[in-house]
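Undergrad: generate coordinates for the sequence data below:
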Amino acid sequence: MNQVLTKRILSIANKAIGFILFIVCLIAIYSKVMTNDNLQKYGSSIKDQFLKITVGEWVVLLILFFLNYLIEAIKWSQAIKELSPMTLPQSLRSVLVGQAFAFFTPVRSGDYVGRILFLEQENKLKGVAQMAWSSYAQLLITLLIGTIALFFNLPFFPWLKWLAPPITLAAFFIYFSKGQFTGWFKKITSLQIKNELKVQLVTLSLMRYCIFILQFTWAVKILAMPIPIIDLWIAIAVLLLCLSSIPAIALTDLIIRGQLIVLLLAPWYTNTLMLICFSTIIWTVNFLLPAIIGSFLLLGFRIKR
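TA: I've put the predicted structure just below:
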């Protein structure tokens, strides 16, 4: 009898925790977005521009959003395959819940918290390490392509184009180094992953990066912005490089992203309001939408015991 009662209490507690996490995430996202000065200032103009976009154009953008997070879900499932095998739907759910937490935490650190919620207690620490490898792989691609782009579009701090290459080379060396440590640092060795998996993560990261570029390209098209496609790609590569090196939460990322886009695309397009609208579309699809979906997915959360 006591065991049955205990199980019922635990079941109710699990559901309650999921509901509480859902409410906390939803309130945080709503309050952060509604009190954002940038959105309040340009909200009406952006709304008018959004209304001009057809349903079909939105569908294409949503398909790109789905592909983006599908690839990230594949990355995550591959990273933890030996640790805690997940189906693709389970991995996708984990990734989206991570986005809900990342939305209002510094440097998107909540992404780690959200994902490891779905791992067994004894695997959580190792799961953090595996995710770090996955994130590192994405950073490598951003560094590599961004470093090349710096030589073609850099309206500020021109010396950065000479600093970026050695940093990128060092990052690749550290990533693919076997890192066999002894003594106090022996635990670091245990967190290493196979080179085959590292290559796989980098390959998937490159695919995801291409989806990012396609999203920006499509957004420019549906907003009818006359920017040469090669110049756009170069500017976006520099933008992603800059964003990867600036600590921020997803909300302030909207403001920083908007200002950088205005700066990087100024030689080809001077309509600041439209550039901010362009930036807002990408931010909404890549950060706000998955954060909202992830918050709803928290309703079905169960504690891993």
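Undergrad: what about the helices in the stretch 201-305 of the chain?
TA: For the stretch 201-305 of the chain, applying DSSP state H, counting those that start in this stretch gives helices covering 229-244, 250-265, 272-283, 289-297.
Undergrad: need these in CSV (columns: distance to F65 and mean neighbour count).
TA: Backbone N, C-alpha and C define where each C-beta goes, glycine included. As requested, these are exported to CSV (distance: least, C-beta to C-beta, whole Å; neighbours: other C-beta atoms under 10 Å):
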stretch, distance to F65, mean neighbour count
helix 229-244, 16, 20
helix 250-265, 15, 20
helix 272-283, 10, 21
helix 289-297, 7, 21
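Undergrad: going by mean pLDDT, which of these comes out lowest?
TA: Least confident of the helices of the stretch 201-305 of the chain, judged by mean pLDDT, is helix 250-265 with a mean of 70.
Undergrad: any stretches of the stretch 1-150 of the chain with poor pLDDT?
TA: Scanning the stretch 1-150 of the chain for pLDDT under 70 picks out the ranges 1-47, 49, 107.
Undergrad: and the helices in it?
TA: 2-34, 37-51, 55-79, 88-102, 110-116, 124-150.
Undergrad: for the fifth one, name the packing helices and strands.
TA: Secondary-structure packing of helix 110-116 (3 or more C-beta pairs under 8 Å, 6 or more residues apart in numbering; DSSP states H and E): helix 88-102, helix 124-150.
Undergrad: can you say which of the ones you listed is nearest to I292?
TA: helix 88-102 (7.7 Å; C-beta to C-beta).
Undergrad: in the closest one, what's buried?
TA: 91-102 (16 or more other C-beta atoms under 10 Å).
Undergrad: which one among those residues gets closest to I63?
TA: Taking C-beta to C-beta as the measure, I63 lies nearest L92 of these, at 14.9 Å.
Undergrad: that closest one - nearest residue in space that isn't next to it in sequence?
TA: Counting by C-beta to C-beta, 6 or more residues apart in numbering, the nearest residue to L92 once its immediate chain neighbours are dropped is A73, at 3.9 Å.
Undergrad: likewise M86?
TA: Closest to M86 by C-beta to C-beta, 6+ apart is S77, at 5.0 Å.
Undergrad: and if you look at I74?
TA: In space, and not counting its chain neighbours, I74 is closest to L204: 6.0 Å by C-beta to C-beta, 6+ apart.
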